[in-house]
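Student: structure here, sequence nowhere to be found:
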């Protein structure tokens, strides 16, 4: 099954989309990667979902990626004697370490790291920013605040700290257990929530030991400040606009989205745009015009993937949501303005032979109007370099490693095919031409350009270009 677009679609599984038949319908509608949210899935359900995705993968004969999204540190206030309290702007309200039920004057904050880190003047946003507090006095055991805006607080509401750098890592004990469990099931990507600093990736990478790629969710101001360092240590990025829009001014989020997208593209790292993309389709069969525009902006920016959350996980129209996102992306990529916008944002190739080869493959392919670029990639590096160029031509990523093909299913423009390892250069060229033909990318007599590393099976050694005719007995050397 060949997609008619280059941006990928990431669909979250949940109560509305957990059975095998629905997963297949979502794939057929356009989903390329499935997300399992470990905030809601226990280990038993996660294993069932992974098994069902792999069953669908076998049925359709296409590599399908799986992303496990770790919950990260969830900071919440304690409980109230009455379940909830009404506050007034300007009043004093205290967060402390006293486990007694809360009142209209105070409530427990069962996170000593917050009590010890917040300083006078710092903001505390409760319940996704509906209640805004500002610290006026702290002593390590309590935070005396002034209510800036909002009037209600209730049991176990979340706390966001846009001004406070917490001295804790991104992995909680639950995350560590979940990480070991998802790695044991062979997921392809692990998303890390509430990354603050590049060091937050170190523990997860040590545990993963290369068994899965790490995606950093950018949803805190501290992460935006150190974006370049985080990109360098990450395998992919996500613009997590939900929490980002709580902890930063809403009007700043679009610019941050563009900054993250362009920085990731420059680094050759996949970038996903997520949260509320088709939010109204949770309960309606069609999106709003504004949502269509929102998705189109991410596609025009050259994001690798766009993501559905509750729309596919718990909504009434999960298949329609995926199909709508697919149709938006297809239409945007047909727009006459699309190639120019994508080209204008292209970065110069890095000063390496592999990057120069990938840039040359794009330029030659577009100049000669070839049918496709075919890359051989064992580790995935060659495929990523080809995608970084954002060529107008289709990219076929051939890999003998199924895990690599699954991982690359998140990456812009890559049509991933699992194939046997080539025995020599001639076999590689013949195999590339045959697959380009059978996968519908060219007819007999059309030409493709092939990039690979020679000697074969040498990771990261992309150093060869070859132009070949589909169906020709002897490939034409370029």
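Tutor: Cool, the structure landed. Values in this document were obtained by computation on a predicted structure and should not be read as measured data.
Student: burial count for residue 133?
Tutor: Residue 133 sits with 26 neighbouring residues when counted by other CB atoms under 10 Å. Quick note: C-beta positions are derived from backbone N, CA and C, even for glycine.
Student: that should have said residue 2, apologies.
Tutor: Other residues lying near residue 2 total 10 when counted by other CB under 10 Å.
Student: likewise residue 83?
Tutor: What residue 83 shows, counting by other CB under 10 Å, is a neighbour count of 10.
Student: would you agree it is in contact with residue 157?
Tutor: No: in terms of CB atoms under 8 Å, residue 83 does not count as a neighbour of residue 157; the distance is 11.4 Å.
Student: pull the residues that contact the helix or strand harbouring residue 202.
Tutor: When secondary structure is defined using DSSP states H and E, the element that contains residue 202 is helix 200-208. With CB atoms under 8 Å, 6 or more residues apart in numbering as the contact definition, helix 200-208 has outside contacts at 169-171, 176, 179-180, 183, 190, 192, 195, 214, 216, 230, 233-234.
Student: most surrounded residue in the residues you listed?
Tutor: Per-residue neighbour counts (other CB under 10 Å) across the contacts of helix 200-208 peak at residue 195, which has 30 neighbours.
Student: and it, what is it in contact with?
Tutor: Residues counted as contacts of residue 195 (CB under 8 Å, 6+ apart) are 170, 201, 216-220, 223, 230.
Student: what average pLDDT does the helix holding residue 202 get?
Tutor: Average pLDDT, helix 200-208: 95.
Student: off-centre distance for it?
Tutor: Helix 200-208 has its C-alpha centroid displaced from the chain centroid by 18 Å (CA atoms, centre = their mean, to the nearest Å).
Student: check which residues of that helix are buried.
Tutor: 200-201, 203-205, 207-208 (16 or more other CB atoms under 10 Å).
Student: after that helix, which helix or strand is next? Please name it.
Tutor: Past helix 200-208, heading to the C-terminal end, the next element that is a helix or strand (DSSP H and E) is strand 213-218.
Student: any idea what residue 373 is bridged to?
Tutor: The residues listed as beta-bridge partners of residue 373 by DSSP bridges are residue 395, residue 449.
Student: gap between the two ends of stretch 328-340?
Tutor: 18 Å (CA to CA, to the nearest Å).
Student: list of residues touching it?
Tutor: By CB under 8 Å, 6+ apart, the list of residues contacting stretch 328-340 from outside reads 4-7, 9, 292, 295-296, 299-300, 306, 392.
Student: can you tell me which two in these are farthest apart?
Tutor: By the measure CB to CB, the contacts of stretch 328-340 have their two most distant members at 292 and 392, which lie 23.8 Å apart.
Student: tell me which stretches of the stretch 1-150 of the chain form helices.
Tutor: Remark: helices assigned in the stretch 1-150 of the chain by DSSP state H, counting those that start in this stretch are 20-29, 43-60, 112-117.
Student: closest one of the buried residues of helix 200-208 to residue 316?
Tutor: residue 204 (35.0 Å).
Student: now do the closest one against residue 68, distance only.
Tutor: 11 Å (CB to CB, to the nearest Å).
Student: so what sits against both of these two?
Tutor: Here residue 204 and residue 68 have residue 190 as joint contacts, going by CB under 8 Å, 6+ apart.
Student: of the contacts of stretch 328-340, buried ones?
Tutor: Burial by neighbour count, 16+ other CB under 10 Å: within these this picks out 5-7, 9, 292, 295-296, 299-300, 306, 392.
Student: can you lay out those as a markdown table showing distance to residue 369?
Tutor: A markdown table is the format used below for the buried ones among the contacts of stretch 328-340 (distance: CB to CB, whole Å):
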| residue | distance to residue 369 |
| --- | --- |
| 5 | 20 |
| 6 | 17 |
| 7 | 23 |
| 9 | 28 |
| 292 | 32 |
| 295 | 30 |
| 296 | 27 |
| 299 | 24 |
| 300 | 24 |
| 306 | 29 |
| 392 | 9 |
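Student: narrow those to those in strands?
Tutor: Judged by DSSP state E, the subset of the buried ones among the contacts of stretch 328-340 located in strands is 9, 306.
Student: can you redo the buried ones among the contacts of stretch 328-340 as JSON lines with pLDDT and distance to residue 257?
Tutor: As requested, those are arranged in JSON lines below (pLDDT from 0 to 100; distance: CB to CB, whole Å):
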{"residue": "5", "pLDDT": "97", "distance to residue 257": "20"}
{"residue": "6", "pLDDT": "98", "distance to residue 257": "19"}
{"residue": "7", "pLDDT": "98", "distance to residue 257": "14"}
{"residue": "9", "pLDDT": "98", "distance to residue 257": "18"}
{"residue": "292", "pLDDT": "98", "distance to residue 257": "17"}
{"residue": "295", "pLDDT": "98", "distance to residue 257": "12"}
{"residue": "296", "pLDDT": "98", "distance to residue 257": "13"}
{"residue": "299", "pLDDT": "98", "distance to residue 257": "13"}
{"residue": "300", "pLDDT": "97", "distance to residue 257": "12"}
{"residue": "306", "pLDDT": "98", "distance to residue 257": "11"}
{"residue": "392", "pLDDT": "96", "distance to residue 257": "24"}
